[in-house]
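1. fold the following.
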Amino acid sequence: MTSWTDWSSALLEAIADPERHAPSANLGLSAAGLAVYRNNYRVGLIDTLAYAYPVLGQLVGEEFFRALAREYVKHHASHSGNLHRYGAALGDFLDSFEHVRHLPYLADVARLEWRVHHSYYAADSTTPDLAVLATLEPERWGELRFELADDVAVVASSWPIATLWLAHQPDSGVPLPERLGDSAETALVTRSAGTVSVERLDSAPAAFLLALQQGVTLEAATDAALRLGPSFDLQALLGQLLQRNLLSSITLPAGELP
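-> The predicted model follows:
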């Protein structure tokens, strides 16, 4: 006798896999019944994508968005019971989706929207313990690594993705960019009091935060910023990061800090 766990697992696999043939009789479903389950499953995932990517939907229109979402769902099953985790690969999918090749900025807009979505649902991060810095010689501060909080992300693009996102927010007052191809932007995604915000970063702070996000040392991140802006103010930016609770930890290689 098939256990409930085995039966439900087989049913879920049959629903999620559009290439699978009708289930065997011991599942107790007809081909028509399975088709109903599969359709509801696909519709649910498409609705989930529409919720996570509202700006993308505005850019291409609802009908076209649902068509591309159907194509995405065909190749990307949900692997979690939490649907808020579904859709992370849509940006990469758009890179190779032939029907949007004339809109090359869409993939980066999707990547930004996913980080906005992730930020909203991210767990609250702990704040770094600054007292440990008192035990470290100042000449070694360059070896420190500053980790961004889980609800913070930096997204770089050759396109004006932050402006596009902001222009599609209710009552934002931000106009659409006049030109796209020569307007590279780096966006900072943060969350405060349950609200997610997107900011356009200047080149030097963008280089610094991208470097921190990649896990490099404070010295390397500062060098990256100074190459783009000799007047880059490290102390001021670190003060902002700490004041806004955008950091989760400060560490040294090999875990030298307690």
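2. rest of the way, CA atoms for contacts and neighbours
-> Fine.
3. pLDDT of the helix or strand hosting His117, averaged?
-> Using DSSP states H and E, His117 maps to helix 106-121. In this model, helix 106-121 has an average pLDDT of 98.
4. pLDDT below threshold where in this structure?
-> Scanning the chain with the threshold set as pLDDT under 70 gives 1-40, 253-258.
5. what ranges does it have for its helices?
-> 4-16, 31-52, 54-60, 62-75, 90-95, 106-121, 161-167, 203-213, 218-228, 234-243 (DSSP state H).
6. Val196: which of the ones you listed is closest?
-> Across the helices of the chain, Val196 has its closest neighbour in helix 106-121 (6.1 Å, C-alpha to C-alpha).
7. count of residues packed around Ala67?
-> The local packing of Ala67 (other C-alpha atoms under 10 Å) involves 11 other residues.
8. how close does it sit to Val100?
-> Distance, Ala67 to Val100, using C-alpha to C-alpha, to the nearest Å: 12 Å.
9. before we move on, the earlier item: next, the buried residues of the helix holding His117.
-> For helix 106-121, burial by neighbour count (16 or more other C-alpha atoms under 10 Å) applies to 106-120.
10. out of the helices of the chain, flag the one nearest Ala153.
-> Taking C-alpha to C-alpha, helix 106-121 is the member of the helices of the chain nearest to Ala153, at 6.5 Å.
11. re the thing from before, in a markdown table, list the helices of the chain along with distance to Leu130.
-> Shown next, in a markdown table, are the helices of the chain (distance: least, C-alpha to C-alpha, whole Å):
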| stretch | distance to Leu130 |
| --- | --- |
| helix 4-16 | 48 |
| helix 31-52 | 36 |
| helix 54-60 | 38 |
| helix 62-75 | 45 |
| helix 90-95 | 37 |
| helix 106-121 | 24 |
| helix 161-167 | 32 |
| helix 203-213 | 17 |
| helix 218-228 | 15 |
| helix 234-243 | 10 |
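12. isn't Leu144 up against Thr251?
-> Yes - in this structure, Leu144 is within contact of Thr251 by C-alpha atoms under 8 Å, at 5.6 Å.
13. who touches both of those two?
-> Common contacts of Leu144 and Thr251 (C-alpha atoms under 8 Å, 6 or more residues apart in numbering): none found.
14. show me the domain layout of this protein.
-> The record assigns the chain these domain ranges, following automatic domain parsing: 1-103, 125-258.
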